[in-house]
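# I'll drop the sequence and a predicted model, then ask my questions.
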Amino acid sequence: ETVKQTFPVTGMTCASCAISTESMIKAQAGVVDAIVNYASQTVKVEYIPTIVTPQDLKSSIQSIGYDLIIEE
Ligand code: 9UX
């Protein structure tokens with residue numbers, strides 16, 4: 001069972017930023033797929049919620065200097 005969720009990402013100012021963000025998310029265990037949309041400054045993530053949480057994704061993105069926003 002996977003969840004597909006779109007999160008805003010802050011701090012991406014060039015196309016390379018988008019690639020870095022996407023690579024970091026895809027590298028996490030429990031992530032099935034991740035697609036960054038640079039134009040809308042978002043990332044759509046398909047993940048297995050018993051393995052990885054939005055907070056885990058946020059922490060990994062913060063570690064490379066961006067942020068992922070978890071909305072209610
Ligand atoms: Mo996007 Mo860069 O940073 O050094 S503005 S990768």
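Alright, I've got the coordinates.
# How about the residues of this protein by the ligand?
By the rule C-beta under 6 Å from any ligand atom, the part of the chain lying against the ligand is 13, 14, 16, 17. For the C-beta atoms, the positions are set from N, CA and C on the backbone; glycine is no exception.
# Tell me the buried residues within the residues you listed.
residue 17 (16 or more other C-beta atoms under 10 Å).
# which one of the residues of the chain next to the ligand is nearest residue 48?
residue 17 (25.9 Å; C-beta to C-beta).
# can you tell me which residues contact residue 64?
20, 21, 24 (C-beta atoms under 8 Å, 6 or more residues apart in numbering).
# can you do 7 Å?
Neighbour list for residue 64: 20, 24 [criterion: C-beta atoms under 7 Å, 6 or more residues apart in numbering].
# repeat for residue 21
Shown in contact with residue 21 (C-beta under 7 Å, 6+ apart): 9, 12, 36, 43, 61, 66.
# That one sits in which helix or strand?
Using DSSP states H and E, residue 21 sits within helix 15-26.
# now, the most widely separated pair of the residues of the chain next to the ligand?
Going by C-beta to C-beta, the pair spanning the residues of the chain next to the ligand furthest: 13 and 16, at 9.3 Å.
# quick check, residue 50 in a strand?
No: Residue 50 is assigned coil when assessed by DSSP: H, G, I helix; E, B strand; the rest coil, not a strand.
# Can you add secondary structure, neighbour count and pLDDT and give the contacts of residue 21 back as CSV?
Output for those, formatted as CSV (DSSP: H, G, I helix; E, B strand; the rest coil; neighbours: other C-beta atoms under 10 Å; pLDDT from 0 to 100):
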residue, secondary structure, neighbour count, pLDDT
9, strand, 25, 98
12, coil, 21, 98
36, strand, 23, 98
43, strand, 25, 98
61, helix, 23, 98
66, coil, 21, 98
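# and which of those is nearest residue 29?
residue 61 (15.5 Å).
# residues contacting that closest one?
9, 21, 24, 67, 68.
# which one among those gets closest to the ligand?
residue 21 (9.4 Å; C-beta to the nearest ligand atom).
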